[in-house]
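Engineer: Sequence first, predicted model second:
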Amino acid sequence: MSTSAPGAVADRERYDRATARFDAPLAIVDVAAFDANAADLVRRARGKPVRVATKSVRCRALLERVLAREGFAGVMSFTLAESLWLARSGVRDVLLAYPSADRARFAQLCSDPGLAAAVTVMVDDPRQLDLIDAARGADGREDVRVCLELDTSLRLLGGRVRVGARRSPLHTPERLAGLARTVVRRPGFTLAGLMAYEGHVAGVGDAVPGRPVRSRAVRLMQAAARRELAARRAEAVRAVRAVAPGLEFVNGGGTGSVQHTAAENAVTEIAAGSGLFVPRLFDHYMSFRGSPAALFAQPVVRRPGPGVVTVLGGGLPASGAPGADRLPVPYLPRGLRYDPQEGAGEVQTPLLGPAADGLRVGDKVWFRHAKAGELCERFEELLLVDGDRVVDTVPTYRGEGHTFL
């Protein structure tokens, strides 16, 4: 989807036509852009299956849509409750990407053969195995499939400098293999996989407009991180396979690093999700260019003066370190910006700029969220737009009555 001025005008016109009978606030997914983004992820994965990160989608209908495409296999979930719900809904390959302390649902997992076969849980500490065992109960006879997570952070200057998310404590192949031995020797568990998510490569833009020095520094950091991780990940996989020759999968990647991670022989599958919606945080990468597919609209409710309109609501910040980059961006019509004294408000948001004078009360202003699936926590349904028509209305997780986090 073009973001040039003529393309933006055409996009706004067709989104307005498609949703003319719907009152804002509302959220849409442009299915042509969504499908094009899916195809691009498969292309960049170089023949390795793409596991869909559900936290970046949070809509079963869209998960089913992308899983029906060639090149996608399985999902990566974010809570145990969500994992069991998806498995009960028919998803047969669910990898829980984060450790859980949900004892009630571990009891359900351990006592249901169908769930135990479909769901793999994340482990990076023997105490997590203890918690699962304590939750089993009298009927918990099923083996629990587990995946170990390798810490991917780049450590410099003898470990005094760390670049990357604080996730698993298992940084070295030796520590990972040590936990693998614990799992293999322990009754009631099956070591199924290994995950290594390089968020400092996959989730950080390397071509930010107006910041050439920072962008160059990010590219240098990411190149060094990729080299270091590729060697350490390969060594870690060898060490774990020596303990568990039947290891089924090695997961890595993320939207921003799909093609780099897919090039590693040790990796068997790629994780990605944000690349389907392409939120604003994924605009500035040298290696790929996606099409914005998920948008939300807020209605104009006031015209305080020349060059200013006010929309209802709009304060939908994303998680992460607070900053301007966590705010939604006014997208269509082009040429709107926040009032620096008010920003994106809880119940109203003033917007400034020449485009404001062309808006009337009741018109829609289209926004892009900073992150992907978090948008669905604010809306109960998504309008699926094809061209200038709404072709379907589908519930989000929230619309199905679930808020897992």
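Structural biologist: Done, it's in.
Engineer: what residue ranges in the protein score low on pLDDT?
Structural biologist: Counting by pLDDT under 70, the chain shows low-confidence ranges at 1-6, 200-208, 212-213, 215, 217-218, 286.
Engineer: Past the longest helix belonging to it, which element shows up next along the chain?
Structural biologist: Of all the elements of type helix in the chain, the one with the most residues (DSSP state H) is helix 212-243. Downstream of helix 212-243, the next assigned helix or strand under DSSP states H and E is strand 249-252.
Engineer: and the longest helix of the chain, which residues are buried?
Structural biologist: For helix 212-243, burial by neighbour count (16 or more other C-beta atoms under 10 Å) applies to 215, 218, 221-222, 225-226, 229-230, 232-237, 239-241, 243. Every residue, glycine included, has its C-beta placed from N, CA and C.
Engineer: Stretch 317-324 now?
Structural biologist: Buried residues in stretch 317-324 (16+ other C-beta under 10 Å): 317-318.
Engineer: mind checking the end-to-end distance for it?
Structural biologist: By C-alpha to C-alpha, to the nearest Å, the extent of stretch 317-324 from end to end equals 9 Å.
Engineer: what's the answer for stretch 244-261, then?
Structural biologist: End-to-end distance for stretch 244-261, by C-alpha to C-alpha: 23 Å.
Engineer: And the residue nearest the centre of this structure?
Structural biologist: Centroid check for the chain by C-alpha atoms, centre = their mean gives Ser56 as the closest residue, at 3.2 Å.
Engineer: hmm, back to that, remind me what the longest helix of the chain packs against, helices and strands.
Structural biologist: Helix 212-243 sits against strand 154-156, helix 173-185, strand 189-196, helix 199-202, strand 249-252, with contacts defined as 3 or more C-beta pairs under 8 Å, 6 or more residues apart in numbering; DSSP states H and E.
Engineer: Just send these back as JSON lines, with distance to Leu336 too.
Structural biologist: Formatted as JSON lines, the helices and strands packed on helix 212-243 follow (distance: least, C-beta to C-beta, whole Å):
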{"stretch": "strand 154-156", "distance to Leu336": "38"}
{"stretch": "helix 173-185", "distance to Leu336": "49"}
{"stretch": "strand 189-196", "distance to Leu336": "40"}
{"stretch": "helix 199-202", "distance to Leu336": "30"}
{"stretch": "strand 249-252", "distance to Leu336": "39"}
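Engineer: Turn those into JSON lines, including distance to Ser111 and mean neighbour count.
Structural biologist: Formatted as JSON lines, the helices and strands packed on helix 212-243 follow (distance: least, C-beta to C-beta, whole Å; neighbours: other C-beta atoms under 10 Å):
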{"stretch": "strand 154-156", "distance to Ser111": "41", "mean neighbour count": "15"}
{"stretch": "helix 173-185", "distance to Ser111": "20", "mean neighbour count": "18"}
{"stretch": "strand 189-196", "distance to Ser111": "15", "mean neighbour count": "22"}
{"stretch": "helix 199-202", "distance to Ser111": "34", "mean neighbour count": "22"}
{"stretch": "strand 249-252", "distance to Ser111": "25", "mean neighbour count": "24"}
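Engineer: Out of the ones you listed, which is closest to Ala20?
Structural biologist: For Ala20, the closest of the helices and strands packed on helix 212-243 is helix 199-202, at 38.2 Å, according to C-beta to C-beta.
Engineer: could you dump stretch 380-399 to CSV, C-alpha only?
Structural biologist: This file holds the C-alpha atoms of stretch 380-399, laid out as CSV (Å, rounded to 0.1, in the frame of the first residue of the first chain):
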residue,chain,number,x,y,z
GLU,A,380,-14.3,-6.0,20.0
GLU,A,381,-14.4,-6.4,16.3
LEU,A,382,-12.3,-5.8,13.2
LEU,A,383,-13.9,-4.7,9.9
LEU,A,384,-12.2,-6.6,7.0
VAL,A,385,-11.8,-4.2,4.1
ASP,A,386,-11.2,-5.4,0.5
GLY,A,387,-10.8,-2.4,-1.9
ASP,A,388,-13.6,-0.1,-0.9
ARG,A,389,-15.9,-2.6,0.7
VAL,A,390,-16.2,-4.2,4.1
VAL,A,391,-16.3,-7.9,3.3
ASP,A,392,-16.6,-9.3,6.8
THR,A,393,-16.7,-8.4,10.5
VAL,A,394,-14.7,-10.6,12.8
PRO,A,395,-14.3,-10.6,16.6
THR,A,396,-11.0,-9.9,18.3
TYR,A,397,-10.0,-11.9,21.4
ARG,A,398,-11.8,-9.2,23.4
GLY,A,399,-14.9,-9.6,21.3
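Engineer: Could I get the full set of helices for the protein?
Structural biologist: When assigned using DSSP H, the helices of the chain occupy the ranges 5-18, 31-45, 60-67, 80-88, 103-111, 113-118, 126-135, 173-185, 199-202, 212-243, 258-262, 274-277.
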